[in-house]
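K.L.:
could you work out the structure for the sequence below:
(one chain, ligands or ions: 1)
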Amino acid sequence: MKNIFIAGSTGSVGKSAVEVALLYPEKLSVKAIAAGHFTEELKRQIIKLNPSYCILSLKTEMDNAKSETSGLTGIKTKFLCGEDGFSELISNENLDIILNAISGSSGLMLSYLGLKAGKNLALANKESIVMAGDILNRVAKFNKADIIPVDSEHSALFQCLNCGNKPDLKKLILTASGGPFYDLQNGAFTGVTRDMALNHPKWKMGKKITIDSSTLANKGLEIIEAHYLFDVDEKDIEVLIHPQAVVHSMVEFMDGSVIAQMAQADIKGPIGYALSYPDRFHGLMEPLNFAQIGRLEFLEPDTQKFPFLNLAREALRVGRSMPAVFCEANEFFVKAFLENKISFTGAG
Ligand code: MN
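P.N.:
Have a look, this model is predicted:
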């Protein structure tokens, strides 16, 4: 039995993680959950999971959660808030894995606090590792904690890398479904609306990452994420557009062999793998039907049309805090776009 803490439990990945935990109650016990705001979804999770702790971002949200759940019978959940709440939880509760599914750069502090306490980190919050990869790697190593990726591509790479040794590794091949606009003509980007960008063809995800997928900023962040997770040089990380989203990434070894990880485009796969590693949960996903899929395509991304790919590589080459700047600048403009303050191409 593994004791887990699901942070960002009401977001897209968090909700899937709760589903996985409820599917394997003999393997996983949810000891704590955390969310930015008190919502009906959070209340349902408290009733279903009866966690020892529930952490909210702010005191006002925590007070609201307390009063909204005070009438429930049999609920023994203790409410905490903010970073102090994370620290109190981590030192009081016997946690085996922290699943960090907080959205955006605000997830960084939990990754740091968890690793510092020697807790294994199932990492869905790629911004943590993009902003502070060097620091988190050092803290993890020093405290003997593992970082297991939950991002589907990096989960795939993590699985493929088990087929060989580091000196025999040639390159990583990150696949990208391409989002909704990979075949759009360059000039047509000015007409892209918020709703068009939020309509991802393959993955159902939160708003921030869906916009990032439409600009390929997400793949830029993932190049940086792969660099820090697997210690591979930027020039040995290739990106390929793969519209079917069946191959979640590949690893090429020095002998010319390429290992690919394939599965349904279902985030429960990477979540389940990170929580069951090194074992696997039986019956987690629907199996693939290759005859029905028919064919798999791979295309070179157009880096003129999607400049974020090269910007991310440039940020990585500059190093130091530049990946954090790339990450924050992107987050700032995604928020402005979602609030209808700027257009897709950046005009005010
Ligand atoms: Mn991904």
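K.L.:
what's the closest non-adjacent residue to whatever residue of the stretch 101-250 of the chain ends up closest to the ion?
P.N.:
Closest residue of the stretch 101-250 of the chain to the ion, CB to the ion: Asp151 (4.3 Å). Just so you know, the C-beta spots here come from the backbone N, C-alpha and C atoms, and that holds for glycine as well. In this structure, Asp151 finds its nearest non-sequential neighbour in Lys126, 5.4 Å apart by CB to CB, 6 or more residues apart in numbering.
K.L.:
relative to Arg280, how far out is Leu169?
P.N.:
Per CB to CB, to the nearest Å, Leu169 is found 23 Å from Arg280.
K.L.:
settle it for me: which of those two has more neighbours?
P.N.:
Leu169 (18 against 11; other CB atoms under 10 Å).
K.L.:
Leu221 contacts Ala312, doesn't it?
P.N.:
Yes: counting by CB atoms under 8 Å, Leu221 does reach Ala312; the two are 6.6 Å apart.
K.L.:
overlap of the contact sets of the two?
P.N.:
Both Leu221 and Ala312 are contacted by Phe326, under the criterion CB atoms under 8 Å, 6 or more residues apart in numbering.
K.L.:
the residue of the stretch 101-250 of the chain closest to the ion against Ala226, yeah?
P.N.:
No: assessed by CB under 8 Å, Asp151 is found out of contact with Ala226, at 9.1 Å.
K.L.:
near the ion, which residues of the chain?
P.N.:
Within the chain, the positions adjacent to the ion are Asp151, Ser152, Glu153 by CB under 5 Å from the ion.
K.L.:
show the contacting residues for the first one.
P.N.:
Residues in contact with Asp151, defined by CB under 8 Å, 6+ apart, are Leu123, Ala124, Lys126, Glu222, Glu225, Pro270.
K.L.:
got it, and Ala176?
P.N.:
Each residue near Ala176 by CB under 8 Å, 6+ apart is listed here: Tyr182, Ser213, Leu216, Asn218, Lys219, Val239, Leu240, Ile241, His242, Pro301.
K.L.:
next step: these restricted to strands.
P.N.:
In this view, the contacts of Ala176 that belong to strands under DSSP state E are Val239, Leu240, Ile241.
K.L.:
please tell me I have it right and the last one contacts Lys305.
P.N.:
No: under the criterion of CB under 8 Å, Ile241 lies out of contact with Lys305, with a separation of 11.0 Å.
K.L.:
more crowded one of those two?
P.N.:
Counted by other CB under 10 Å, Ile241 and Lys305 do not tie: Ile241 has more neighbours, with 20 against 15.
K.L.:
list the beta-bridge partners for the more buried one.
P.N.:
Judged by DSSP bridges, the bridge partners of Ile241 are Ala176, Leu299.
K.L.:
so who does it touch?
P.N.:
By CB under 8 Å, 6+ apart, the contact list for Ile241 reads Thr175, Ala176, Ser177, Gly178, Tyr182, Phe298, Leu299, Glu300, Pro301.
K.L.:
repeat that with 10 Å
P.N.:
Going by CB atoms under 10 Å, 6 or more residues apart in numbering, Ile241 touches 175-179, 182-183, 216, 219, 297-302, 306.
K.L.:
repeat for Pro243
P.N.:
Applying CB under 10 Å, 6+ apart to Pro243 gives the contacts 175-179, 182-183, 201-202, 296-299.
K.L.:
now it: how far from Ala101?
P.N.:
On the measure of CB to CB, Pro243 and Ala101 end up 26 Å apart.
K.L.:
next: Phe298.
P.N.:
Counting by CB to CB, the gap from Phe298 to Ala101 is 29 Å.
K.L.:
neighbour count winner among these two?
P.N.:
Ala101 (28 against 13).
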